[in-house]
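Chemist: Kindly return the folded structure for what I paste below:
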Amino acid sequence: MSMLRQAVLAMVLVCVPALAAAAPGDGSGTAAEVQNQATFCAGTYALCIKAPCSGIPTLDRLGNYVIDRALCACDVVEGVSMGPGACEDRKPVTQHGRKYLISTYSNHYNDTNRTLTCENPKTTWAWCYGAPCVVDEKDPTKATCTCPLMQSAMSTLGGNCRQDACEGIWSAAAVQGDKFANEHFYRTVQQRFPSARVNEAAPACMR
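Modeler: As a prediction, this is how the structure comes out:
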């Protein structure tokens with residue numbers, strides 16, 4: 001097993017105390033992360049771009065409660081996706097009877113959902129790109145992913161175009177990161193995987 005896959009499993013199976021004290025990030029580095037870590041693979045992956053999420057409360061070493069991560073209800077999908085790490089490292093792993101995999105990006109839902117943009121810079125959202133996930137034991141089409149929380153304006157396919165949905169937590173991307181991911185994914189899949197299904201950017205929610 002590669003070092004990256006071991007690290008991913010460690011994130012899933014172990015709660016690292018040092019992470020508990022961290023506050024939600026500001027989302028500024030997520031667009032660059034997508035651009036710099038955009039390997040295309042065909043296979044099984046977790047897709048979270050419209051997933052509802054719930055914050056995970058933790059205690060820091062001083063006894064303060066913090067919520068810096070979330071559990072997100074994602075889908076298990078087959079096909080081409082874009083994400084960090086080598087394709088070999090992103091293959092599902094079975095350990096102790098449970099199946100684990102990585103959350104990556106595709107525009108699989110762009111033809112059935114609209115893009116909800118929450119413009120408030122204090123919007124809290126979950127950044128699931130490259131996050132570790134565990135497949136539901138009763139429903140192999142579903143997975144729960146552990147995603148760090150961010151705070152900035154964001155775009156998501158979740159929320160059913162309700163502006164009040166911005167008050168909840170959704171798996172999302174910073175606005176510029178979402179734009180880049182849609183465009184880069186569409187162009188690259190057309191060029192490198194001509195037989196694969198690919199959608200243009202989802203239309204924006206009506207205001």
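Chemist: Mind listing residues that contact stretch 187-200?
Modeler: 38, 40, 42, 79-80, 82, 107-108, 110-111, 182, 185-186 (CB atoms under 8 Å, 6 or more residues apart in numbering). Yep, even glycine has a C-beta here, placed from its N, CA and C like the rest.
Chemist: Kindly provide the distance from T188 to S54.
Modeler: 33 Å (CB to CB, to the nearest Å).
Chemist: For the chain, give me the ranges with low pLDDT.
Modeler: 1-24, 26-31 (pLDDT under 70).
Chemist: Where do the strands of it begin and end?
Modeler: 39-47, 52-59, 65-83, 93-95, 98-104, 116-118, 124-126, 132-135, 142-151, 154-156, 169-170, 173-174 (DSSP state E).
Chemist: For the third one, buried residues please.
Modeler: It refers to strand 65-83. 66-77, 79-83 (16 or more other CB atoms under 10 Å).
Chemist: Closest one of the contacts of stretch 187-200 to G159?
Modeler: N110 (15.1 Å; CB to CB).
Chemist: about what we covered before: now the strands of the chain as JSON lines including distance to N199?
Modeler: Output for those, formatted as JSON lines (distance: least, CB to CB, whole Å):
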{"stretch": "strand 39-47", "distance to N199": "13"}
{"stretch": "strand 52-59", "distance to N199": "22"}
{"stretch": "strand 65-83", "distance to N199": "12"}
{"stretch": "strand 93-95", "distance to N199": "29"}
{"stretch": "strand 98-104", "distance to N199": "16"}
{"stretch": "strand 116-118", "distance to N199": "17"}
{"stretch": "strand 124-126", "distance to N199": "22"}
{"stretch": "strand 132-135", "distance to N199": "23"}
{"stretch": "strand 142-151", "distance to N199": "22"}
{"stretch": "strand 154-156", "distance to N199": "15"}
{"stretch": "strand 169-170", "distance to N199": "19"}
{"stretch": "strand 173-174", "distance to N199": "16"}
